[in-house]
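Visitor: Sequence plus the predicted model coming up.
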Amino acid sequence: MKKSPNSVLLACILYCMPFFVCAQPDIKDSRYLKSGFVHCTITSMKGIPKQGETVVFEGEKSKKQVQSVSDSKGICDVWLPKGDVYLIKVLTVGKEEDYSSIEVPDKPGAFRGNYSIQFDLPTTVTLDDVLFETGKSVLKPSSFPSLLKVAELLKHKKGLVIEVVGHTDNRGDAAANMKLSLQRAQAVKAYLAEHSGAAERIKADGRGADEPIADNDSEEGRKLNRRTEIHVLKE
């Protein structure tokens, strides 16, 4: 059985250095009374600043999210309300990756932190939540949350170029499967283009049943083979 390349795991190193100050607001800033200031620097694993990365801080108690998008120098700054522990996430292809956490204590004084995040996007990601009506290229509504995250990534990362690749199992006519896989990839591309405005940076391809990742002799295997992948061509 021919196997397709496995998804490449996102590599990340997160350095946490609370109270180390970098480009912090003036100590007299009134926002320090209720919030802590966090300065983030986002780079690739080679140390190249990454523009357009969305960093999410989610409160463990409040469940509220505070987001910041990195600028051309890979910098994003946030103010986080005191009295909570925040899970640090970075928006990647179709999902948010969890990395580390930070506690902003509810104590007098200025809380300031400096964080450096290094990571590279995976080259291939399978969007497990992207599903279609049986035998058709019509997206099910349950697919939209994952696709909206990909669209958000395309909005912020102006240099990002992706290819949507559709796959089927081996049941039925091979030519029909090839056509269906392409139509499904094109349906995903159309949705992403509509919600990101980045049609020129989205390609689509159908591979039919040519690249299985599981045994087509079982329903479980066929389900795995019916998949939609995102290939990162350029970041």
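Guide: Received the coordinates, thanks.
Visitor: how far away is residue 186 from residue 71?
Guide: 34 Å (CB to CB, to the nearest Å). (C-beta placed from N, C-alpha, C; glycine too.)
Visitor: Between these two, point out the one with more neighbours.
Guide: residue 186 (17 against 14; other CB atoms under 10 Å).
Visitor: Confirm that the more buried one sits in a strand.
Guide: No. Using DSSP: H, G, I helix; E, B strand; the rest coil, the secondary structure at residue 186 is helix, not a strand.
Visitor: Test my guess that it contacts residue 139.
Guide: No. If you go by CB atoms under 8 Å, residue 186 and residue 139 don't touch, sitting 11.1 Å apart.
Visitor: List phi and psi for residue 196.
Guide: When quoted as degrees, to the nearest 10, the phi and psi of residue 196 stand at phi -120, psi -20.
Visitor: I'd assumed residue 156 was in contact with it.
Guide: No. Counting by CB under 8 Å, residue 196 does not reach residue 156; the two are 9.5 Å apart.
Visitor: Any idea what the most centrally placed residue in the chain is bridged to?
Guide: Nearest residue to the geometric centre of the chain (CA atoms, centre = their mean): residue 92, 1.8 Å. With DSSP bridges as the criterion, residue 92 is bridged to residue 95.
Visitor: Tell me, what's the model's pLDDT at it?
Guide: We have a pLDDT of 89 for residue 92.
Visitor: From residue 37, how far off is it?
Guide: Separation of residue 92 from residue 37 (CB to CB): 25 Å.
Visitor: likewise residue 133?
Guide: Noted for residue 133: a distance of 48 Å to residue 37, by CB to CB.
Visitor: check contacts around residue 204.
Guide: Contact analysis of residue 204 by CB atoms under 8 Å, 6 or more residues apart in numbering lists 163-166, 182, 185-186, 188-189.
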